[in-house]
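Visitor: Just to be clear, the model below is a prediction. Sequence and coordinates:
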Amino acid sequence: MNLKSAILVKSKKIEIKNFKVPNILRDDQVLVKIKYAGICGSQIMEYLGNRGKDLFLPHAFGHEATGKVLNIGKKVKKISKNDQVILSWIKGKGLDYGGFKLQNFKKQKINFGPISTFSTFAIVSENRVFLKPQNMSSIEAVLYGCAIPTGAGMVINQLKKIKKNHNVCLIGVGGVGMAAFLALIKKNCKIYIVEKNKDKQKYLKKFNAKIIKNENIKNYKNKFDFCIETSGTTTMIEEGFSLIKKSGELIFASHPQNSRKIKLDPHDLISGKKIYGSWGGNCKLDNDINNIFKYFNKKNIFSIHGKISFFRLNEIRKAINKVMAGKINRAIIKF
């Protein structure tokens, strides 16, 4: 069985390479035939070289997908052959023995992590595999590998205090930001959006969100009870902190460029403002995939998640460029 994978050879260079799938898996590994794989902002940062020195080049990448289990290692317990599953970078229950190397047909050894999903087949650790709910479509399930638990998880798990009368500002509406937005709608709070993309602004207005233009941000200083930042820049994290009240909270799930620092006024902190980060929406995916699915009343939120486009594996560079240009919220590789 041959495996075709998108390999990051160096910054801004991707090559499609072919490998032979091992006949025998390690005890902790799961072999999955990939159906759909999503492109997250983290992969774009990897592609651009913005996460610092990459010690594992050349390597496979990608961390959210859906597919069918073809084989399992001897010690794998949580899933079985033929299960329909979700793959995620967020660790769950099960074994994790780290990455491995595969040799391609040119006898080059390539690094594969505990999860690498831009491939026709993925060999992943048990703790990165989760059963897909029966009523969830495979397309929607892709978003439950990263975007939905990270974005909606912040609202559901970490911002439980949000009430109907609260003013909430959301900065950045990509894949994660849109998931947070859809979760906020269920809270019936007053939602304000900072998003420069005009197409996204137009779409968000359909849900009665109020758009704050960048030039008007200064008029909203100290106005919000909560602020969620997902844009991925230190400047906007700082702006978000300036927007919350003295009793307010800023949470961010963005991953700014390596070595970039944020600057805050210590007086704001001792006056009561709070700031904290979020790692995967504080989700425990073995339970939270179903919990979030139920939160949305088991509705297919894929259809309202914003502009999503599909690409083939050999179009991955095109897909990345589309996301970077802000033309789509999420690019999905279809196999």
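Guide: Thanks, I have the structure now. Numbers count the residues shown, from 1 in each chain.
Visitor: rounded to a whole number, what's the mean pLDDT of the helix or strand residue 275 falls within?
Guide: Per DSSP states H and E, residue 275 falls inside strand 274-277. If you average the pLDDT over strand 274-277, you get 96.
Visitor: Could I get the full set of helices for the stretch 51-200 of the chain?
Guide: 138-143, 147-153, 175-185, 198-205 (DSSP state H, counting those that start in this stretch).
Visitor: re the thing from before, give me the contact list for the strand holding residue 275.
Guide: The contact list for strand 274-277 (C-beta atoms under 8 Å, 6 or more residues apart in numbering) reads 237, 241, 248, 249, 250, 251, 252, 253, 264, 269. Using the backbone N, CA and C atoms, a C-beta is placed for each residue, glycine as well.
Visitor: Now mean pLDDT, mean neighbour count and distance to residue 166 too, for the helices of the stretch 51-200 of the chain, in TSV please.
Guide: Below are the helices of the stretch 51-200 of the chain laid out as TSV (pLDDT from 0 to 100; neighbours: other C-beta atoms under 10 Å; distance: least, C-beta to C-beta, whole Å):
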stretch	mean pLDDT	mean neighbour count	distance to residue 166
helix 138-143	93	24	26
helix 147-153	96	29	17
helix 175-185	93	27	10
helix 198-205	87	15	18
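Visitor: Out of the ones you listed, which is closest to residue 331?
Guide: Among those, the nearest to residue 331 by C-beta to C-beta is helix 175-185 (9.2 Å).
Visitor: which residues are in contact with the closest one?
Guide: Here helix 175-185 makes contact (C-beta under 8 Å, 6+ apart) with 38, 40-41, 143, 146-148, 150-152, 154-156, 162, 168, 170-171, 173, 191, 193, 195, 204, 207, 209, 228, 230-231, 253, 295-296, 301, 304-306, 329-330.
Visitor: Scan this protein for its longest strand.
Guide: For the chain, the strand that runs over the most residues, judged by DSSP state E, is strand 29-39.
Visitor: Show me what the worst-scoring helix or strand of the chain on mean pLDDT is packed up against.
Guide: Least confident helix or strand of the chain, by mean pLDDT, DSSP states H and E, is helix 198-205 with a mean of 87. Counting contacts by 3 or more C-beta pairs under 8 Å, 6 or more residues apart in numbering; DSSP states H and E, helix 198-205 packs against strand 210-211.
Visitor: Packing partners of the strand it packs on?
Guide: Judged by 3+ C-beta pairs under 8 Å, 6+ apart, the packing partners of strand 210-211 are strand 190-194, helix 198-205.
Visitor: Run the chain-centre distance for the last one.
Guide: Going back to what we said before, that points to helix 198-205. 21 Å (C-alpha atoms, centre = their mean, to the nearest Å).
Visitor: That one to strand 190-194, inter-axis angle?
Guide: 180 degrees (axes from the mean of the first three to the mean of the last three C-alpha atoms, to 10 degrees).
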